[in-house]
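Colleague: Have a look at this prediction, sequence included:
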Amino acid sequence: MELTLTRPDDWHLHVRDGAALRDVLAHTARQFARAIIMPNLQPPVTTTTQALAYRERILAALPAGSGFQPLMTLYLTDRTAAADINEAAASGLVQAVKLYPAGATTHSDAGVTDICNTYPALEAMQEHGMPLLIHAEVTDPDVDVFDREQVFINRILEPLTVRYPGLRVVLEHATTREGIDFVKSAPDTVAATITAHHLLLNRNAMFRGGLQPHAYCLPVLKRETHREALLEAATSGNRKFFLGTDSAPHARERKEAACGCAGIYTAHAALELYAQAFDDAGALNRLEDFASHFGPDFYGLPRNTASVTLEKNDWQVPASYALGDSTLVPMHAGQTLHWRLRD
C-alpha cells in the first residue's frame with residue numbers, strides 16, 4: 001500500500017544549534033519542505049539579527065542539495081518592544097513570535113512573567129498579521145501539572161483573543177479536550193498544532209514497566225480521553241488543526257538523569273508516526289490536509305508543489321542516533337513501525 005502526499009511542513013520544530021543541529025536537521029529536511037524553528041536556544045533568539053544569523057547556521061548545516069527552508073521566530077520576553085516586531089516583519093524572514101511562560105519548559109527561563117508586559121508587542125503583531133505561537137501552560141505551582149493547559153486557556157488565552165481579536169494565535173502542541181474545544185469555538189484567527197506523540201501516546205506511556213524518561217515531554221502526556229479528542233480533531237478535516245511535531249532532541253544522559261529534560265524526539269520518523277495514527281483511526285484520506293495544506297493556509301504561505309510517498313512497509317527504529325558528542329533516544333526506539341517514507 002502506498003500513500004502520496006503534497007510535501008508537508010512542520011509548524012513546530014526544535015533543531016538546537018552547533019553539532020546537535022547538524023545531526024538532527026537531515027531527519028527533518030528529508031520529509032518536510034519548511035519548518036517553524038523554535039527560538040529557545042541559550043541565549044534565546046530575541047532579535048531579528050539573531051534570528052537571521054540562526055537561519056544562516058541552519059542553511060549551512062543542511063545536506064547538500066536540500067531545498068528545506070527554515071521559517072524563523074522570535075522569543076517573546078517581557079521587554080520585547082513594538083519596534084522589535086516591526087523589524088521582524090520588515091525582514092520577511094521572521095514568520096512568528098513564540099510565547100513561553102517563564103519556567104514552563106526547556107530553556108524558558110527568559111520567558112514572559114506577566115502577559116500584560118507583552119501588550120505593545122502583541123499590538124504590533126496584530127497590525128502586521130504576525131502569528132503568536134503559545135506554549136499554553138501556567139507555571140503556578142499550585143496548579144496540577146495535568147491541568148496547566150486548561151487553566152492557561154481560561155486565565156490568559158481566552159481573554160487575550162478578546163483583547164486582540166485580529167491577532168493570529170496558534171495553541172502549540174494542544175494536549176487536552178478543553179484545548180481542542182477552545183480552538184473549535186474560537187474565531188478563525190485561532191488554530192492549533194498537534195504532535196505525533198500526543199496522538200499516539202497517553203500518560204500511561206511514562207510509567208509502563210517503570211519510569212520512562214523518553215516518554216516525558218511538556219506539555220505532559222494526558223489521559224486517554226484527551227488523546228482521543230486530539231485524534232478526532234486531527235482527523236476531522238477541520239482546517240484549524242495542523243501538523244507540528246515539537247520534536248525535541250536531548251542527549252541521552254540529560255533524559256536519563258535525576259532531573260530529566262522534557263522532550264520527545266520524533267523527527268526521525270515524523271510522517272511515519274502521523275501516518276500510523278491516521279491509519280489506526282481509519283482516516284488516511286485526511287492526512288494530506290492536516291500535514292500539507294492547513295498549515296501554510298493559516299500562515300498565508302503557498303502550499304508546496306513537490307510530493308512525498310509513504311509505503312506500508314515494516315521497519316525497526318534504531319535504538320539511538322548521534323547528537324553531537326552524545327546520542328539521543330528517539331520515540332519508539334527499537335520498535336517496529338508500519339509506515340516508511342520512500343527515499
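Modeller: Yep, that arrived. Numbering: from 1, shown residues only.
Colleague: how about the strands in the protein?
Modeller: 2-6, 10-13, 34-37, 69-75, 94-99, 132-134, 169-171, 190-194, 241-243, 307-316, 321-323, 326-328, 336-341 (DSSP state E).
Colleague: in the second one, what's buried?
Modeller: This means strand 10-13. 10-13 (16 or more other CB atoms under 10 Å). Where C-beta positions appear, they are placed from N, C-alpha and C, glycine not excepted.
Colleague: Tell me which two of these sit farthest apart.
Modeller: Greatest spatial distance in the buried residues of strand 10-13: 11 and 13, 8.0 Å, computed using CB to CB.
Colleague: Could you tell me which residues touch both of the two?
Modeller: Listed as contacting both residue 11 and residue 13 by CB atoms under 8 Å, 6 or more residues apart in numbering are 35-36, 244.
Colleague: neighbours around the closest residue to residue 58 other than its chain neighbours, how many?
Modeller: The shortest distance from residue 58 to any non-neighbouring residue, by CB to CB, 6 or more residues apart in numbering, is to residue 70 (4.5 Å). For residue 70, the neighbour count with other CB atoms under 10 Å is 25.
Colleague: Tell me if I'm right that residue 70 and residue 34 touch.
Modeller: Yes. If you go by CB atoms under 8 Å, residue 70 and residue 34 touch, sitting 7.4 Å apart.
Colleague: show me what contacts residue 263?
Modeller: Counting by CB under 8 Å, 6+ apart, residue 263 has contacts 14, 106, 216-218, 246, 248-250, 255.
Colleague: can you do 7 Å?
Modeller: Taking CB atoms under 7 Å, 6 or more residues apart in numbering, we find residue 263 in contact with 106, 217, 248, 250.
Colleague: Please determine how far residue 98 is located from residue 157.
Modeller: Residue 98 sits 14 Å away from residue 157, going by CB to CB, to the nearest Å.
Colleague: thought the residue nearest to residue 58 was touching residue 32?
Modeller: No. Under the criterion of CB atoms under 7 Å, residue 70 is not in contact with residue 32, lying 10.3 Å apart.
Colleague: will you turn the strands of the chain into TSV that also has mean pLDDT and distance to residue 21?
Modeller: Output for these, formatted as TSV (pLDDT from 0 to 100; distance: least, CB to CB, whole Å):
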stretch	mean pLDDT	distance to residue 21
strand 2-6	98	26
strand 10-13	98	11
strand 34-37	98	10
strand 69-75	98	10
strand 94-99	98	18
strand 132-134	98	20
strand 169-171	98	24
strand 190-194	98	21
strand 241-243	99	21
strand 307-316	98	23
strand 321-323	97	10
strand 326-328	98	13
strand 336-341	98	21
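Colleague: out of these, which comes closest to residue 110?
Modeller: strand 69-75 (6.9 Å).
Colleague: which strands and helices sit next to the closest one?
Modeller: Using 3 or more CB pairs under 7 Å, 6 or more residues apart in numbering; DSSP states H and E, the elements in contact with strand 69-75 are strand 34-37, helix 48-61, strand 94-99.
Colleague: change it to 8 Å
Modeller: strand 34-37, helix 48-61, helix 82-91, strand 94-99 (3 or more CB pairs under 8 Å, 6 or more residues apart in numbering; DSSP states H and E).
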